[in-house]
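*Asks:* predicted model follows, preceded by the sequence.
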Amino acid sequence: PGIRQASVGTDIALSVGGDNYCYGSAGIYGYLNQAYRKNGIKTALWGCSIEPDVVTQKSVSDDLSRYSLIVARESITYEAVRHVQQNAFLTPDPAFFMAPQICNMDDRFLSRNIIGINISPMIISNETTPGAAYENYKQLIRYILTETDACAALIPHVVWKSNDDRTVLRQLYHDFNDDPRLILVEDHTAPELKYIISHCSFFVGARTHATIAAYSTCVPTLVVGYSVKARGIARDLFGTEDGYVLPVQELSAPDQLSKSFAVLYGKRDAVHDHLSRTLPDYLARAQAGVDAVKGLSLY
């Protein structure tokens, strides 16, 4: 009944959420896709990331083929879905276009070199060696405090009751006895967090939209990733994910993250310049997706 009610005066339904198809919930999205189409509504899967092996599952590929339009946010997903849906486009994640919002920050952001750090319970749940993610982040902070003159800002991005970045970040903060070169950032709105992240000289992040906040403001970034979205976005920005994404599943030795950080941190000026040069063309791809959605209403 809810879908029939929503059909009144509706031409197009957008399915958003990015990587919903990767969390074992493909069935509900397939149901919604089919139900809306039965009610005469065109459907668009917007800004998605889907693991290629998920796309090959028959129930998923059949569902994807029924969409009127699929807009992928990175090229790995695009290459996978375009084989089952001809009307597919590749555009940046919409978060690239979100404007930062000025907010109050710790004074050290204005007077010191700041390295932003984000870790999430989601990353920890995807590790293959128990405890490896946390120990790698702990070693990373120790490396920053001993080998650089920078402050480390622990920045949350998701604060759901069941999935709160602050839980892990607070533990890391207290592990270093509230070191004066550690900054524990509390929750802010997404635009405010983007503003805070934009004031970092370098960023190490797990949450996709935290890393997008960094990329889109030309902050050199090392991603601790667990899925196709991290690899695909880095590949589209840099031509490769190697050196830019460290899969959490590969973490075992406690110094892997700090070693990867040291290499990329040493190239941070070149990475910043690369992002400054390439972002305009990268962002211009979005218009194709916008035009495709507008085009759905023309037939």
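*Replies:* Right, received. Where do you want to start?

*Asks:* and the end-to-end length of stretch 98-110?
*Replies:* End-to-end distance for stretch 98-110: 22 Å, by Cα to Cα, to the nearest Å.

*Asks:* list the contacts of residue 54.
*Replies:* 21-22, 26, 60 (Cβ atoms under 8 Å, 6 or more residues apart in numbering). Glycine gets a C-beta too; all of them are placed from N, C-alpha and C.

*Asks:* what helix or strand is residue 47 on?
*Replies:* Element membership for residue 47, per DSSP states H and E: strand 42-48.

*Asks:* give me the sheet partners of that strand and which way each runs.
*Replies:* Strand 42-48 has its sheet partners listed here by DSSP bridges as strand 12-15 (parallel), strand 69-72 (parallel).

*Asks:* which helices and strands sit right next to the helix or strand that the first one is followed by?
*Replies:* In other words, strand 12-15. Downstream of strand 12-15, the next assigned helix or strand under DSSP H and E is helix 26-38. Applying 3 or more Cβ pairs under 8 Å, 6 or more residues apart in numbering; DSSP states H and E, we find helix 26-38 packed against helix 2-7, strand 12-15, strand 42-48, helix 58-66.

*Asks:* related to what we said a few turns ago, from the contacts of residue 54, which is closest to residue 130?
*Replies:* Nearest to residue 130 among the contacts of residue 54 is residue 22, at 22.4 Å by Cβ to Cβ.

*Asks:* how near is the nearest residue to that closest one once chain neighbours are set aside to residue 226?
*Replies:* Computed as Cβ to Cβ, 6 or more residues apart in numbering, the closest residue to residue 22 that is not its neighbour in sequence is residue 51, at 5.4 Å. Distance of residue 51 to residue 226, given as Cβ to Cβ, to the nearest Å: 11 Å.

*Asks:* compare these two and say which one has the larger neighbour count.
*Replies:* A count of neighbours by other Cβ atoms under 10 Å puts residue 226 above the other of residue 51 and residue 226, at 22 against 18.

*Asks:* thinking that one is in contact with residue 122, fair?
*Replies:* Yes. The criterion here is Cβ atoms under 8 Å, and residue 226 meets it with residue 122 at 7.2 Å.

*Asks:* from residue 90, how far off is residue 83?
*Replies:* For residue 83 relative to residue 90 (Cβ to Cβ), the value is 14 Å.

*Asks:* now do the contacts for the most centrally placed residue in the chain.
*Replies:* For the chain, the residue nearest the mean C-alpha position is residue 208 (1.5 Å; Cα atoms, centre = their mean). Neighbouring residues of residue 208 by Cβ under 8 Å, 6+ apart: 18, 93, 229-230, 233.

*Asks:* inside helices: which ones of those?
*Replies:* Using DSSP state H, the members of the contacts of residue 208 that fall in helices are 229-230, 233.

*Asks:* make a markdown table out of the residues you listed and add neighbour count and distance to residue 68.
*Replies:* Putting the ones in helices among the contacts of residue 208 into a markdown table (neighbours: other Cβ atoms under 10 Å; distance: Cβ to Cβ, whole Å) gives the following:
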| residue | neighbour count | distance to residue 68 |
| --- | --- | --- |
| 229 | 25 | 23 |
| 230 | 24 | 28 |
| 233 | 28 | 25 |
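
*Asks:* ok, so of these, who is nearest residue 275?
*Replies:* Closest to residue 275, out of all of the ones in helices among the contacts of residue 208 and judged by Cβ to Cβ, is residue 233, at 12.2 Å.

*Asks:* ok, now which ones touch the closest one?
*Replies:* Neighbours of residue 233 in contact, by Cβ under 8 Å, 6+ apart: 73-74, 93, 208, 211-212, 215.

*Asks:* make it 10 Å
*Replies:* Residue 233 makes contact with 49, 73-76, 92-93, 96, 208, 211-212, 215, 223, 225, 241, 244-245, 282, according to Cβ atoms under 10 Å, 6 or more residues apart in numbering.

*Asks:* is it possible to mark the buried ones in these?
*Replies:* Buried by 16 or more other Cβ atoms under 10 Å: 49, 73-74, 76, 92-93, 96, 208, 211-212, 215, 223, 225, 241, 244-245, 282, out of those.

*Asks:* from those residues, which ones fall inside strands?
*Replies:* Applying DSSP state E to these, the entries found in strands are 223, 225, 245.

*Asks:* from the contacts of residue 208, pick the one nearest residue 115.
*Replies:* For those, the nearest to residue 115 is residue 230 (19.0 Å; Cβ to Cβ).

*Asks:* what residues are up against that closest one?
*Replies:* So residue 230 contacts 49, 74, 205-206, 208, 211, 223-224, 241, 244-248 (Cβ under 10 Å, 6+ apart).

*Asks:* retrieve the pLDDT associated with it.
*Replies:* Looking at residue 230, its pLDDT reads 96.
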